[in-house]
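J.: Make a model of this:
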Amino acid sequence: MAVIANLDINVRARIKSLRRGLKKAGGVVKRFGRRVARVARGMALFGAAVITAGAIALAALVRSQFKAIDAIGKLSVALDISTEKLAAYQFAASIAGLETAQFNKGVKRLRKSVADANNGLTTAIRGFKVLGLESKELAGLDTDEVLKRVADSVQRLGGTTEVAGALADLFGAKVGPEMFNLLMQGRAGLEAFEEEAKILGISLNAVDTAKVELANDAMNRVKQTFIGLGRQIAIRIAPLLIELSEAFLRIIKNAGGMQVIVGKAFSFIATAVGVVADVVDVFLLGFIALKLAVTFGIGVIIKVWGKLAQAIQFVVNLLPGVTASFGDSLNNIADAVLDTAGTIKDELHDAFIADPPSKRIDRFLKDIERKTTEAAKKIAEEREKFNLQAPPSPAVTTIKIQRPAAILKDTQAAFTAILQARQQGAKTAEQKAQEVREKQLAALQGIDRNLRDAGQNELGIAIV
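T.: Presented below is the predicted three-dimensional model:
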């Protein structure tokens with residue numbers, strides 16, 4: 001039985017150890033599982049981020065290609081060249097180090113050069129002549145064939161100075177030299193790029209281009225739909241905004257205006273600050289009073305002990321050879337403490353009779369407003385005074401100029417004098433007329449002189 005009991009105990013102990021081991025192993029497995037789960041979540045988040053970034057990049061790429069394909073379709077019509085060949089040539093131009101915009105500009109200039117040469121423009125005729133081409137033959141060809149013939153000529157002649165000048169004449173001074181690397185490949189090179197563009201998926205036929213153009217138009221309509229939505233919402237909201245604005249204005253008007261509102265708000269804030277300051281001031285007064293009571297009480301106690309100490313000191317000093325002063329020291333300490341209490345009392349008295357903080361704040365704000373108003377009034381008065389001081393008026397020279405009626409009257413008087421002279425035999429009529437003419441001449445000379453003087457002195461003229 002003892003053996004069986006020992007065996008049972010041994011088995012139980014081993015089972016218990018096994019359980020502990022299994023439990024420990026289970027904990028390790030759980031921890032490993034949690035770590036694997038965290039790694040999996042991290043990988044999932046990373047994958048989602050990568051997919052999101054890829055989707056965004058892909059969307060941007062597709063959006064840019066929508067614009068590029070639409071531009072190729074419109075440009076192919078303007079250049080009279082198929083979309084397949086135009087896309088292939090743009091690809092070839094990029095390989096040759098030429099930007100797409102430069103290539104497009106150069107091809108446009110080439111088409112214009114063909115027309116200019118047939119119209120007799122010397123620069124275009126000279127460019128085609130250097131390349132050994134006849135503009136009349138090129139006039140009936142499409143742009144693709146013209147470009148290939150020019151490429152063959154450039155490949156045949158090489159990079160001479162004359163060829164460079166011809167390219168500048170035909171493609172433009174800036175773009176022409178940049179076109180050399182592309183054109184040096186000749187017709188065969190351009191056709192090879194056409195095949196490569198088809199393989200790479202760069203080439204576009206008219207149907208593909210039309211699909212993209214239709215999609216662009218549809219997207220533009222969708223965009224216009226949202227614009228219309230925004231406009232309609234704005235139209236519907238406008239009456240509400242008008243009513244809200246009018247209500248806001250009514251509130252301001254009923255309150256007495258913005259000046260009154262701001263003034264009341266400022267006063268309220270100042271009052272609130274003053275109340276808080278008053279409360280704090282009350283606590284400070286209480287603290288000073290408490291400090292006075294404690295200091296005075298300590299001083300009195302020390303003073304009492306000082307008196308007792310002085311009595312003891314008197315008795316001790318009666319002993320021969322003994323001189324004590326502890327009583328005097330306590331009295332001195334008591335006097336110092338009581339002096340401090342007196343100072344605190346004065347401080348408390350000053351604090352009690354002083355205006356509360358709220359009044360000081362109000363007085364401070366009013367003082368600022370008064371000074372500001374006085375300064376502003378002074379500036380306004382100076383401006384008004386300056387405006388009222390009109391510049392001095394120039395001296396006015398009054399020039400008496402006879403009006404036409406007065407001149408006519410004198411003329412009539414002269415004729416009357418002539419008739420009277422003939423009848424009465426007085427002075428001859430010629431003498432009378434001469435006197436009138438001399439008077440008029442003297443008056444005109446005076447007018448001329450006065451006008452010159454007035455012009456030199458920049459004076460005004462009054463005609464009477």
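J.: Averaged pLDDT, stretch 209-228. What do you get?
T.: Per-residue pLDDT over stretch 209-228 has a mean of 82.
J.: starting at the chain centroid, how far to it?
T.: Chain-centre distance of stretch 209-228: 33 Å, with C-alpha atoms, centre = their mean, to the nearest Å.
J.: Now it: buried residues?
T.: Within stretch 209-228, the residues scored as buried using 16 or more other C-beta atoms under 10 Å are T209, V212, E213. C-beta coordinates here come from the backbone N, C-alpha and C atoms, glycine included.
J.: taking the residues you listed one by one, which sit in helices?
T.: T209, V212, E213 (DSSP state H).
J.: How about the contacts made by the last one?
T.: Residues near E213 by C-beta atoms under 8 Å, 6 or more residues apart in numbering: I69, D70, G73.
J.: For these, please prepare CSV with the additional fields distance to R111, secondary structure and neighbour count.
T.: Below are the contacts of E213 laid out as CSV (distance: C-beta to C-beta, whole Å; DSSP: H, G, I helix; E, B strand; the rest coil; neighbours: other C-beta atoms under 10 Å):
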residue, distance to R111, secondary structure, neighbour count
I69, 22, helix, 21
D70, 21, helix, 17
G73, 18, helix, 20
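J.: What is the nearest of the residues you listed to A96?
T.: Proximity of these to A96 (C-beta to C-beta) peaks at I69, which lies at 21.9 Å.
J.: isn't the closest one right next to S203, touching?
T.: No. Counting by C-beta atoms under 8 Å, I69 sits too far from S203 to count as a contact (11.3 Å).
J.: low pLDDT regions in this structure?
T.: Within the chain, the stretches falling below the threshold (pLDDT under 70) are 1-30, 32-33, 36, 40, 42-44, 46-68, 386-433, 436-437, 440-441, 443-464.
J.: chain center to stretch 297-312, what's the gap?
T.: Distance of stretch 297-312 from the chain centroid (C-alpha atoms, centre = their mean) equals 79 Å.
J.: List the buried residues for it?
T.: Quick answer for stretch 297-312 (16+ other C-beta under 10 Å): I298, G299, I302, K303, G306, A309, Q310.
J.: Quick check: the third one touching I333?
T.: Yes. In this structure I302 lies within contact range of I333 using C-beta under 8 Å: 5.5 Å.
J.: Could you check how far L157 is from L249?
T.: Distance, L157 to L249, using C-beta to C-beta, to the nearest Å: 81 Å.
J.: pretty sure L98 belongs to a helix, no?
T.: No. Looking at L98 with DSSP: H, G, I helix; E, B strand; the rest coil, it is coil, so not inside a helix.
J.: Now do the phi/psi pair for the closest residue to it other than its chain neighbours.
T.: In space, and not counting its chain neighbours, L98 is closest to E178: 5.3 Å by C-beta to C-beta, 6 or more residues apart in numbering. In terms of degrees, to the nearest 10, the main-chain angles of E178 are phi -70, psi -20.
J.: next one: L204
T.: phi -130, psi 130.
J.: Number of residues surrounding it?
T.: Burial of L204 is recorded as 25 neighbouring residues (other C-beta atoms under 10 Å).
J.: what's the distance between it and Q185?
T.: 21 Å.
J.: same deal with R126?
T.: 24 Å.
J.: Also I301?
T.: Counting by C-beta to C-beta, the gap from I301 to Q185 is 116 Å.
J.: Could you do L110 as well?
T.: Distance from L110 to Q185, by C-beta to C-beta: 16 Å.
J.: Likewise for S325?
T.: Counting by C-beta to C-beta, the gap from S325 to Q185 is 122 Å.
J.: Looking at the two, which is more packed in?
T.: With neighbours defined as other C-beta under 10 Å, S325 and Q185 compare such that Q185 has more, 18 against 13.
J.: check contacts around that one.
T.: A92, A96, A151, Q155, A192, F193.
J.: again, 7 Å this time
T.: By C-beta atoms under 7 Å, 6 or more residues apart in numbering, the contact list for Q185 reads A151.
J.: And L79, by the same measure?
T.: Contacts for L79 were tallied using C-beta under 7 Å, 6+ apart; they are L86, V107, K108, R111, T143.
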